[in-house]
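K.L.:
here is a sequence with its predicted model. Questions after.
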Amino acid sequence: DVKVTQSSRYLVKRTGEKVFLECVQDMDHENMFWYRQDPGLGLRLIYFSYDVKMKEKGDIPEGYSVSREKKERFSLILESASTNQTSMYLCASRVAGTGGNQPQHFGDGTRLSIL
Amino acid sequence: AQSVTQLGSHVSVSEGALVLLRCNYSSSVPPYLFWYVQYPNQGLQLLLKYTSAATLVKGINGFEAEFKKSETSFHLTKPSAHMSDAAEYFCAVTETGGFKTIFGAGTRLFVKA
């Protein structure tokens, strides 16, 4: 089974801090994704990565950046945390080259609170 | 732009009753369609997917969904609800040949004893 591991289940940070959320997958998937999940809004794509060192903005990239130095690891960075970034963050991975017909595999999420 | 609409943010059924969760998408070309389930404090798990083979797709835990091109729908059903089905369900769409997946807002299913 694919395993996507997010480093923290719960995280509390202060406004203005630089925050790192880590995600590791063990199935050699090329594609990786970061979403935020808010009630009534479903999942919104923040950033995604086709492959190592490649990254693309999703629908809500403002205030975030990402890093993918190794294939298995995809990090989400909040440059200067703000209270409106309090949310559930989900990481996912997917095998590439299939035209979108493969499902994504999700981690258990990180519930981030910015005080 | 592609969009996904899930009718009803909350659905409540009795144990043993039919479960019907509705999903409509907007696309002129049949996309790839997915249903995911999210249990409390967990990530999303794949229930089933439609990728242009059979229009009736069977998934895990007794769920199935039917792709209806004329109605641009992909409703999720289960003949008999179980207490363990209580969760949030997400419909998702990827355009054929596309990369990004669009998720619906989710439907929370409550199962009454």
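P.N.:
Cool, the structure landed. Numbers count the residues shown, from 1 in each chain, chains lettered A, B, ... in the order given.
K.L.:
got a pLDDT number for A:V2?
P.N.:
According to the prediction, A:V2 has pLDDT 68.
K.L.:
next: A:A92.
P.N.:
96.
K.L.:
swap in B:A113?
P.N.:
pLDDT at B:A113 comes out at 93.
K.L.:
show me what contacts it?
P.N.:
B:14-15, B:83 (CB atoms under 8 Å, 6 or more residues apart in numbering or on different chains). (Glycine included, C-beta is placed from N, CA and C.)
K.L.:
could you report the neighbour count for A:I77?
P.N.:
Applying other CB atoms under 10 Å in any protein chain shown, we find 15 residues neighbouring A:I77.
K.L.:
where's it relative to chain B, distance?
P.N.:
Going from A:I77 to chain B by CB to the nearest CB, to the nearest Å gives 20 Å.
K.L.:
got it, and A:G109?
P.N.:
5 Å.
K.L.:
contacting residues for that residue?
P.N.:
For A:G109, the contacting residues are A:6, A:9, A:37, A:88-90, B:41-43, by CB under 8 Å, 6+ apart.
K.L.:
how about B:T5?
P.N.:
Residues near B:T5 by CB under 8 Å, 6+ apart: B:23-26, B:104.
K.L.:
ok so, going back, tell me which of the contacts of B:A113 is nearest to chain A?
P.N.:
Distance to chain A, by CB to the nearest CB, is smallest for B:M83 among the contacts of B:A113, at 21.9 Å.
K.L.:
B:E15 is in contact with the closest one, correct?
P.N.:
Yes. Between B:M83 and B:E15 there is a contact at 5.9 Å, judged by CB atoms under 8 Å.
K.L.:
those two: which is more packed in?
P.N.:
Neighbour count, other CB under 10 Å: between B:M83 and B:E15, B:E15 has more, with 13 against 9.
K.L.:
now the more buried one: phi and psi?
P.N.:
For B:E15, the backbone dihedrals are phi -60, psi 130 (criterion: degrees, to the nearest 10).
K.L.:
what's the answer for A:N84, then?
P.N.:
Main-chain torsions, A:N84, degrees, to the nearest 10: phi -80, psi 0.
K.L.:
what separation is there between it and A:E22?
P.N.:
Per CB to CB, to the nearest Å, A:N84 is found 22 Å from A:E22.
K.L.:
compare the two (neighbour count), which wins?
P.N.:
Each of A:N84 and A:E22 has its neighbours counted (other CB under 10 Å); A:E22 has more, 16 against 8.
K.L.:
low pLDDT regions in chain B?
P.N.:
Low-confidence segments of chain B (pLDDT under 70): B:1, B:28, B:96-97.
K.L.:
so the most centrally placed residue in chain A is in which element?
P.N.:
Most central in chain A under CA atoms, centre = their mean is A:W34, positioned 2.5 Å from the mean C-alpha point. Using DSSP states H and E, A:W34 falls within strand A:31-38.
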